[in-house]
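Participant: just the structure for this:
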Amino acid sequence: MKRRFFYVFVALLSYAGYAQETVTDSTATTQVSVAENPKIAKLQAENEKYRLELQGLETNLPALEQKADELAKEARSSADDNKDAARKLQGDVTDGSKARKARKAARQAEKDSDKAEKAQSDLDDARKDIERLKKRIEKNEKKIVKLQSGT
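Facilitator: Below you'll find the predicted structure:
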């Protein structure tokens, strides 16, 4: 009698533990257990990681945009300075001082152009990463819904 009671008690406890792990989907009538399908938990954890990464990128995006704009303005200014120095040198091609100023302005314009190009590239990469993460999250959400519905 005591053994039978013990086995029934253990069976009820194990069922209670199983029932606590059951997840219900509000759109489906079937129940899917996380213990039965660990893929759901893995996909949810992946999505959480992607969401945190996405949030960080979206937070940094305005700063990257501002930096790219500032460096582009700086590059345009350097290019204008280079143009002015070249125009002054054109008037007197034998003046060594004007030649040095023109060379210096040209180097500065090139450096600023490289910085602006790098900043724009970083901004484009951040935007691509944001889109990539959004697509991954969407794809994982579809997989989770499919796994929860049991199809």
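Participant: so where's the chain uncertain?
Facilitator: For the chain, the stretches with pLDDT under 70 are 1-36, 151.
Participant: residue ranges for the strands of it, please.
Facilitator: Ranges of strands in the chain, per DSSP state E, are 22-24, 31-33.
Participant: quick one: residues contacting D92.
Facilitator: Each residue near D92 by CB atoms under 8 Å, 6 or more residues apart in numbering is listed here: K98. Backbone N, C-alpha and C define where each C-beta goes, glycine included.
Participant: phi, psi of it?
Facilitator: Backbone torsions of D92, given as degrees, to the nearest 10, read phi -140, psi 90.
Participant: what about E48, how many neighbours?
Facilitator: Per other CB atoms under 10 Å, the neighbour tally for E48 reads 11.
Participant: wait, I meant A126
Facilitator: The local packing of A126 (other CB under 10 Å) involves 17 other residues.
Participant: thought it was touching T59?
Facilitator: No: using CB atoms under 8 Å, A126 is not in contact with T59; the gap is 10.6 Å.
Participant: need the overlap of contacts for these two.
Facilitator: Joint contacts of A126 and T59 (CB under 8 Å, 6+ apart) do not exist.
Participant: all helices for this protein, in order.
Facilitator: 2-20, 38-91, 96-149 (DSSP state H).
Participant: residues making contact with stretch 51-61?
Facilitator: Contact with stretch 51-61 is made by L123, A126, R127, D129, I130, L133, K134, I137, as judged by CB under 8 Å, 6+ apart.
Participant: ok now it, how far from the chain's centre?
Facilitator: In this view, stretch 51-61 has its centroid 6 Å away from the chain centroid, taken as CA atoms, centre = their mean, to the nearest Å.
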